[in-house]
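Undergrad: got a predicted model here, sequence first, then my questions.
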There are 2 protein chains.
Amino acid sequence: MNTKSSFLEDPHGTQEEILHATYRALCEHGYADLTIQHIGEKFDKSVSLLYQHYDGKDELLLEFLSSMLEEFEESIPAPPADDPAAHLEAILDGALSHEISTKRQEFEAEMVELRAQATYDDRYREQFTRHDQFFQERLLEVIQAGIEDGTFRNVDPERVVKFMFTSIEGARMLRATSDRSDANVKAVRTELDAYLDAMLYATE
Amino acid sequence: MNTKSSFLEDPHGTQEEILHATYRALCEHGYADLTIQHIGEKFDKSVSLLYQHYDGKDELLLEFLSSMLEEFEESIPAPPADDPAAHLEAILDGALSHEISTKRQEFEAEMVELRAQATYDDRYREQFTRHDQFFQERLLEVIQAGIEDGTFRNVDPERVVKFMFTSIEGARMLRATSDRSDANVKAVRTELDAYLDAMLYATE
């Protein structure tokens, strides 16, 4: 994951410092128990500054989600498109890497917690729907480029993308919520590769 | 999903009525905003009864999770084992059915919300780890039976199961949190079938 000049690692300016404090507080307390007070405890400046920037916890958390998704989207390799097979591999390497750092574990766990809010809050669901489309569009470009240049077979690109994306998201969610092992991530990578070899890569 | 004589549909006795009220309150307010007061509002009897049965919200929600998981596990077809291919199909039909009822949508959404608590609460993680193992064991029995009787190839059954399970869980999570459409569920079913045809089913 690209973490250079990220608000998660090295916040610049009050706004990023607030988002960084929100991240630390969320990691420690979880979404359900989070209060502005908790965020204030992780913030080096006056809590009143939080209220100058945000109307309240709701608005702050939505802005935080938006920044998290942006951060995540920047880490998805953008298409150079001259080598679809290598590009697809780079995306899968990034999305399904195992033995990840504690920081990335925290990041993935926060994404799961925020995503759960989308079950009943339309504002979260809109953001995740847009984000999921972004990731799937990125995959779609690669598959379509590979079909055009003959690297890949003439599959239904949208369906293949939805399947890949769903497996990736499932693997991340299980790593964050089940036994925290990489077992499902590794299995998904191996079997997804086998599936792609069988269904996607043109033979001969 | 098997919902006959379920506390979700037709609660019997105080304990099930409390769990039913918890379910209704969770659907309406979401986990983060849920209070004992909200549960009390969905409960036909005195709120003091809640405290006679449970020490507080925490204990009640853990008991509720346990009942939800049990409910879910009862809906997974148990092995008759004489026809592994038909049995596997029955499990996939149940897990990846589309055009589901509003009630099942609610149920799946609650599972996602409760699962998110496992990102930071060990008690939730223990329950989901056990549940995930249960579902994967059920799939494993089918795959192993099919390998033994020659229906399936000699694949790595654990890895195939982890891949199937992860895709299923991912599909459910996306349905509950992304645009609420069945698009990913349908794509997973079709591509999982293609994967199983290519990798699992013995040809000759």
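TA: Perfect, I can see it now. Residues are numbered from 1 along each chain as shown, chains lettered A, B, ... in the order given.

Undergrad: what's the mean pLDDT across the strand or helix carrying A:Leu19?
TA: Secondary structure from DSSP states H and E places A:Leu19 in helix A:13-29. Across helix A:13-29, pLDDT averages out at 93.

Undergrad: setting aside sequence neighbours, what's the nearest residue to the residue in chain A that chain B sits nearest to?
TA: In chain A, the residue that lies nearest chain B is A:Gly170 (2.4 Å; Cβ to the nearest Cβ). All C-beta atoms are positioned from the backbone trio N, CA, C, and that covers glycine. In space, not counting the residues next to it along the chain, A:Gly170 is nearest to B:Gly170; the distance is 2.4 Å by Cβ to Cβ, 6 or more residues apart in numbering or on different chains.

Undergrad: got a pLDDT number for that neighbour?
TA: 97.

Undergrad: spatially central, which residue of chain A would that be?
TA: In chain A, the C-alpha closest to the average C-alpha coordinate belongs to A:Phe72, at a distance of 4.6 Å (Cα atoms, centre = their mean).

Undergrad: surely it touches A:Glu108?
TA: No. Applying Cβ atoms under 8 Å, one finds A:Phe72 not in contact with A:Glu108, separated by 9.5 Å.

Undergrad: so where does the closest residue to A:Lys162 other than its chain neighbours fall, helix or strand?
TA: Distances taken as Cβ to Cβ, 6+ apart put B:Ala187 closest to A:Lys162, at 3.5 Å, once the chain neighbours are dropped. According to DSSP H and E, B:Ala187 maps onto helix B:183-199.

Undergrad: in terms of secondary structure, what does that helix contact?
TA: Here helix B:183-199 touches helix A:157-177, helix A:183-199, helix B:84-95, helix B:157-177, going by 3 or more Cβ pairs under 8 Å, 6 or more residues apart in numbering or on different chains; DSSP states H and E.

Undergrad: so how far is the shortest one from its chain's centroid?
TA: Right, the one you point to is helix B:84-95. Chain-centre distance of helix B:84-95: 15 Å, with Cα atoms, centre = their mean, to the nearest Å.

Undergrad: cool, the last one as well?
TA: For helix B:157-177, the distance from its own C-alpha centre to the chain's C-alpha centre is 11 Å (Cα atoms, centre = their mean).

Undergrad: around A:Ala176, how many other residues sit close by?
TA: Burial of A:Ala176 is recorded as 23 neighbouring residues (other Cβ atoms under 10 Å in any protein chain shown).

Undergrad: about what we covered before: so which of the helices and strands packed on helix B:183-199 gets nearest B:Asp193?
TA: Minimum separation from B:Asp193 across the helices and strands packed on helix B:183-199 (Cβ to Cβ) falls at helix B:84-95, 7.9 Å.

Undergrad: pLDDT averaged over the closest one - what is it?
TA: The pLDDT scores in helix B:84-95 average 94.

Undergrad: that helix and chain A, any residue contact?
TA: No. Remark: helix B:84-95 sits outside contact range of chain A, by Cβ under 8 Å from any Cβ of the partner chain, the gap being at least 12.0 Å.

Undergrad: which neighbouring elements make contact with that helix?
TA: helix B:122-148, helix B:157-177, helix B:183-199.

Undergrad: just these: most buried one?
TA: Most buried of the helices and strands packed on helix B:84-95, by mean neighbour count (mean count of other Cβ atoms under 10 Å in any protein chain shown): helix B:157-177, with a mean of 25.

Undergrad: what helices or strands is that helix leaning on?
TA: Partner elements for helix B:157-177 (3+ Cβ pairs under 8 Å, 6+ apart): helix A:102-117, helix A:122-148, helix A:157-177, helix A:183-199, helix B:84-95, helix B:102-117, helix B:122-148, helix B:183-199.

Undergrad: A:Gln52: neighbour count?
TA: 9.

Undergrad: which element is it on?
TA: If you go by DSSP H and E, A:Gln52 is part of helix A:47-53.

Undergrad: gap between the helix or strand following that helix and the chain center?
TA: Counting by DSSP H and E, the next helix or strand C-terminal to helix A:47-53 is helix A:57-74. Computed by Cα atoms, centre = their mean, the chain-centroid distance of helix A:57-74 equals 11 Å.

Undergrad: just stretch A:142-161 next, same as before
TA: Relative to its parent chain, stretch A:142-161 has a centroid offset of 23 Å by Cα atoms, centre = their mean.

Undergrad: for stretch A:189-204, same thing?
TA: From the chain centre to the centre of stretch A:189-204 is a distance of 24 Å (Cα atoms, centre = their mean).

Undergrad: how about stretch A:186-195?
TA: From the chain centre to the centre of stretch A:186-195 is a distance of 19 Å (Cα atoms, centre = their mean).

Undergrad: name the residues that touch it?
TA: Contacts of stretch A:186-195 with the rest of the structure, by Cβ atoms under 8 Å, 6 or more residues apart in numbering or on different chains, involve A:92, A:96, A:98, A:163-164, A:167-168, A:170-171, B:158-160, B:162-163, B:166-167, B:191, B:194-195, B:198-199.

Undergrad: again, only using 10 Å
TA: Stretch A:186-195 is contacted by residues A:89, A:92-93, A:95-99, A:160, A:163-164, A:167-168, A:170-172, A:174, A:182, A:201, B:155-156, B:158-167, B:170, B:191-192, B:194-196, B:198-199 when judged by Cβ atoms under 10 Å, 6 or more residues apart in numbering or on different chains.

Undergrad: go on, stretch A:43-56?
TA: If you take Cβ under 10 Å, 6+ apart as the criterion, stretch A:43-56 is touched by A:11, A:14-15, A:17-22, A:24-25, A:36-37, A:39-41, A:57, A:59-64.

Undergrad: how about stretch A:142-154?
TA: Residues contacting stretch A:142-154 (Cβ under 10 Å, 6+ apart): A:77, A:79-91, A:155-158, A:160-161, A:164, A:196, A:199-203.

Undergrad: between the two ends of that stretch, how far is it?
TA: Start-to-end span of stretch A:142-154 (Cα to Cα, to the nearest Å) is 13 Å.

Undergrad: which ones are touching A:Glu108?
TA: The contact partners of A:Glu108, taken as Cβ under 10 Å, 6+ apart, are A:1, A:72, A:100, A:171-173, A:175-177, B:119.
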